[in-house]
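**Q** Here is my input, please return the structure:
(3 chains)
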Amino acid sequence: MTLTIERPFQRAPVPEEAPQTEGAAKTKELVIVNWSGDLDKVWPVLILSSTAAASGVRCRVFVTFWGLLPFVKDQKRIVGEHWMQKMLTLMQRPGIDHLKLSKMNFFGMGPWMMDTLRRKYKVAGPRELLEAATAMGVEFIPCQMTMDMFGLKREDLIDEMGEPAGAATAIEIMTEADASLFI
Amino acid sequence: MTLTIERPFQRAPVPEEAPQTEGAAKTKELVIVNWSGDLDKVWPVLILSSTAAASGVRCRVFVTFWGLLPFVKDQKRIVGEHWMQKMLTLMQRPGIDHLKLSKMNFFGMGPWMMDTLRRKYKVAGPRELLEAATAMGVEFIPCQMTMDMFGLKREDLIDEMGEPAGAATAIEIMTEADASLFI
Amino acid sequence: MTLTIERPFQRAPVPEEAPQTEGAAKTKELVIVNWSGDLDKVWPVLILSSTAAASGVRCRVFVTFWGLLPFVKDQKRIVGEHWMQKMLTLMQRPGIDHLKLSKMNFFGMGPWMMDTLRRKYKVAGPRELLEAATAMGVEFIPCQMTMDMFGLKREDLIDEMGEPAGAATAIEIMTEADASLFI
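**A** Numbering: from 1, shown residues only, chains lettered A, B, ... in the order given. Modelled structure (predicted):
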């Protein structure tokens, strides 16, 4: 981008990726790192990302570590090739419908109570929010390193996910965004 | 917004809410999402928010999920109407004086040791920090959805809290702030 | 809002610390608060910080609370003077080689499995990443308040750490950075 005007303008922090129509405000951007696979963390990730998309804020979610397991297709039960990988998914059942609370899980009673309360108060659950988020254009980016370590293949993950990427991509999109959260 | 100047100026990312005195630097803003109700997370939230306010940085704290329980009035013991809501506050005693550690809690011995050490080293505790933060203008915004699900009414929360708001507000203030943290 | 010609320049949000050569892009900055001492959180902190440095992004890590224990020298076993401080490091063995998982730790079997998998898939471990990060200029800043409370002296921490600082410094660097994460 070249500005043929006096100097001070060049110093103004013009965003590098700004090929916008003139006068248009830059679209706000939110980046979330979805690290945890717990119900009480995945839920805010999905509420924030779908609300962002609905508010016209571009939202990208970098999905890593425990956070990747909820994005495995629900019909998958045991994934991976190495016995350690199989054991991981045996103990942490993957899929958006099988989330545990980070505390007060009580062998599933906590999540069941949360589900009962949210229905009573008309709050959308993880599955509905995930569908809404992907439909509204939230981009979910799986972490390649996590896929390698956990033995997850692209076809194990839900179809709506984007292409796998690494930490460099995460850093690039975070430093360009208006807000970044690690959840 | 009307700009009576040539075009390039329009491209400069002038913040929309910038009715400042000329030449004055924009006040820095910090937004914290206070998600956890644990002592070892609420503490940094209160240290950061009160220090921000003391440093002239505007700080808004969006208080959600487990994080809302410490902001229930201390004299309240069981809140909510549904038995599940009552059970929640029965098991997670609300109030700023009843925080547990996320690890090494040991039925209260951990928090007691933390409290002993902080007094010895003259570090302010959660209650003092909360009073300082609200006195210095930190805005604590309760999450409406959490209030609904946990059965918390406005009068159950400490008087210093602001008006309840939702995820759209959280996103708006985060994308406008200079830094946002999910704690 | 009406802007007339000369003045607007002053209003443009020129970063205060911008004594850059003309036209040069400002170096991107990432700030991470390393709060947790768990393997599965320290790992992303080190992956993100070393990758940032390798990508030309300045990265500063504010090391606080549980997150400070992995930065104690590995040969140290029990640190602190007060018996409570000694007990803390007795129960949470410090040092980068002694990290536990936040879940599925299973008395060390979880971390051992993670270590086995990461070697199989050629993923760098915490120690290698920490060495790479410090070599590439990532700045690790220990939290003074945590050092006081946990009884950690400067010589207990690894030599590569910077000078201790407080919350005001954390807020200053976060609000100046392009992205801030609390991990």
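**Q** residue ranges for the strands of chain A, please.
**A** A:29-34, A:58-63, A:139-142, A:179-182 (DSSP state E).
**Q** out of the ones you listed, nearest to residue B:28?
**A** Nearest to residue B:28 among the strands of chain A is strand A:179-182 (14.3 Å), distances taken as Cβ to Cβ. For the C-beta atoms, the positions are set from N, CA and C on the backbone; glycine is no exception.
**Q** That closest one packs against which elements?
**A** strand A:29-34, helix B:167-176, strand B:179-182, strand C:179-182 (3 or more Cβ pairs under 8 Å, 6 or more residues apart in numbering or on different chains; DSSP states H and E).
**Q** low-confidence ranges in chain A?
**A** Along chain A, the parts satisfying pLDDT under 70 run over A:1-24.
**Q** Spell out whether the longest helix along it and chain C are in contact.
**A** Criterion DSSP state H: the longest helix present in chain A is helix A:39-54. No: using Cβ under 8 Å from any Cβ of the partner chain, helix A:39-54 never reaches chain C; the gap is at least 11.6 Å.
**Q** which residues touch the residue nearest the centre of chain A?
**A** Per Cα atoms, centre = their mean, the C-alpha nearest to the average position across chain A is that of residue A:61, at 3.2 Å. By Cβ atoms under 8 Å, 6 or more residues apart in numbering or on different chains, residue A:61 lies in contact with A:31, A:32, A:33, A:34, A:45, A:49, A:138, A:139, A:140, A:141.
**Q** Just the closest of those residues to residue B:114, please.
**A** residue A:33 (28.3 Å).
**Q** From residue B:60, how far off is residue A:25?
**A** Distance of residue A:25 to residue B:60, given as Cβ to Cβ, to the nearest Å: 22 Å.
**Q** what does residue A:97 give?
**A** 34 Å.
**Q** and if you look at residue A:111?
**A** On the measure of Cβ to Cβ, residue A:111 and residue B:60 end up 30 Å apart.
**Q** More neighbours: those two, which one.
**A** Neighbours were counted for residue A:111 and for residue B:60 using other Cβ atoms under 10 Å in any protein chain shown; residue B:60 has more, 25 against 21.
**Q** Tell me, how many residues neighbour residue A:91?
**A** 11.
**Q** OK, contacts around the residue nearest to it when sequence neighbours are not counted?
**A** With Cβ to Cβ, 6 or more residues apart in numbering or on different chains as the criterion, residue A:91 has its nearest non-adjacent residue at 6.3 Å, and that residue is residue C:104. Shown in contact with residue C:104 (Cβ under 8 Å, 6+ apart): A:88, A:91, A:92, C:110.
**Q** Quick one, which of these are buried?
**A** Burial by neighbour count, judged by 16 or more other Cβ atoms under 10 Å in any protein chain shown, picks out A:88, A:92, C:110 from those.
**Q** Could you measure from the residue lying closest to residue A:105 once chain neighbours are set aside over to residue A:150?
**A** Spatial nearest neighbour of residue A:105, excluding adjacent residues (Cβ to Cβ, 6+ apart): residue A:111 at 6.8 Å. The gap separating residue A:111 from residue A:150 is 22 Å, by Cβ to Cβ.
**Q** Also residue A:123?
**A** 30 Å.
**Q** Look at those two and report which has more neighbours.
**A** residue A:150 (25 against 18).
**Q** so that one touches residue A:66, yeah?
**A** No: the pair residue A:150 / residue A:66 is not scored as a contact, 9.4 Å apart, by Cβ atoms under 8 Å.
**Q** which residues touch residue A:111?
**A** By Cβ under 8 Å, 6+ apart, the residues touching residue A:111 are A:39, A:99, A:100, A:101, A:105.
**Q** Let's see which of these end up in helices.
**A** residue A:39.
**Q** Which one of the contacts of residue A:111 is nearest to residue B:75?
**A** residue A:101 (27.4 Å).
**Q** For that closest one, give its distance to chain C.
**A** 12 Å (Cβ to the nearest Cβ, to the nearest Å).
**Q** Wondering if stretch A:134-143 reaches chain B at all.
**A** No: using Cβ under 8 Å from any Cβ, stretch A:134-143 stays clear of chain B, with a minimum separation of 12.2 Å.
**Q** Pull the distance from that stretch to the chain's centre.
**A** Counting by Cα atoms, centre = their mean, to the nearest Å, stretch A:134-143 is centred 7 Å from the centre of its parent chain.
**Q** Kindly report the same for stretch A:132-148.
**A** Its chain's C-alpha centre and that of stretch A:132-148 lie 6 Å apart, by Cα atoms, centre = their mean.
**Q** now do stretch A:99-109
**A** Distance, centroid of stretch A:99-109 to centroid of chain: 21 Å (Cα atoms, centre = their mean).
**Q** Identify each buried residue in it, please.
**A** Buried, per 16+ other Cβ under 10 Å, within stretch A:99-109: A:99, A:100, A:101, A:102, A:103, A:104, A:105.
**Q** Can you tell me which of these comes closest to residue B:178?
**A** residue A:102 (29.1 Å).
**Q** related to what we said a few turns ago, so which of the contacts of residue A:111 is the closest to chain B?
**A** Relative to chain B, the closest of those is residue A:101; by Cβ to the nearest Cβ it sits at 9.7 Å.
**Q** quick one: the closest one from residue A:118, how far?
**A** 13 Å.
**Q** Then residue A:160?
**A** For residue A:160, the distance to residue A:118 - Cβ to Cβ - is 22 Å.
**Q** nearest residue to residue A:129 other than its sequence neighbours?
**A** Counting by Cβ to Cβ, 6+ apart, the residue nearest residue A:129 is residue A:46, at 3.7 Å.
**Q** Farthest pair within the contacts of residue C:104?
**A** Checking those with Cβ to Cβ, the most distant pair is A:92 and C:110, at 10.9 Å.
**Q** Surely residue A:86 and residue A:77 touch.
**A** No: here residue A:86 does not reach residue A:77: they are 9.8 Å apart, not a contact under Cβ under 8 Å.
**Q** Overlap in contacts, these two.
**A** With Cβ under 8 Å, 6+ apart, residue A:86 and residue A:77 have no common neighbours.
**Q** residues touching the nearest residue to residue A:136 once chain neighbours are set aside, list them.
**A** If the residues on either side of it in the chain are set aside, residue A:136 comes closest to residue A:53, at 3.8 Å by Cβ to Cβ, 6+ apart. Residue A:53 makes contact with A:59, A:133, A:136, A:137, A:138, according to Cβ under 8 Å, 6+ apart.
**Q** how many other residues sit next to residue A:159?
**A** 8.
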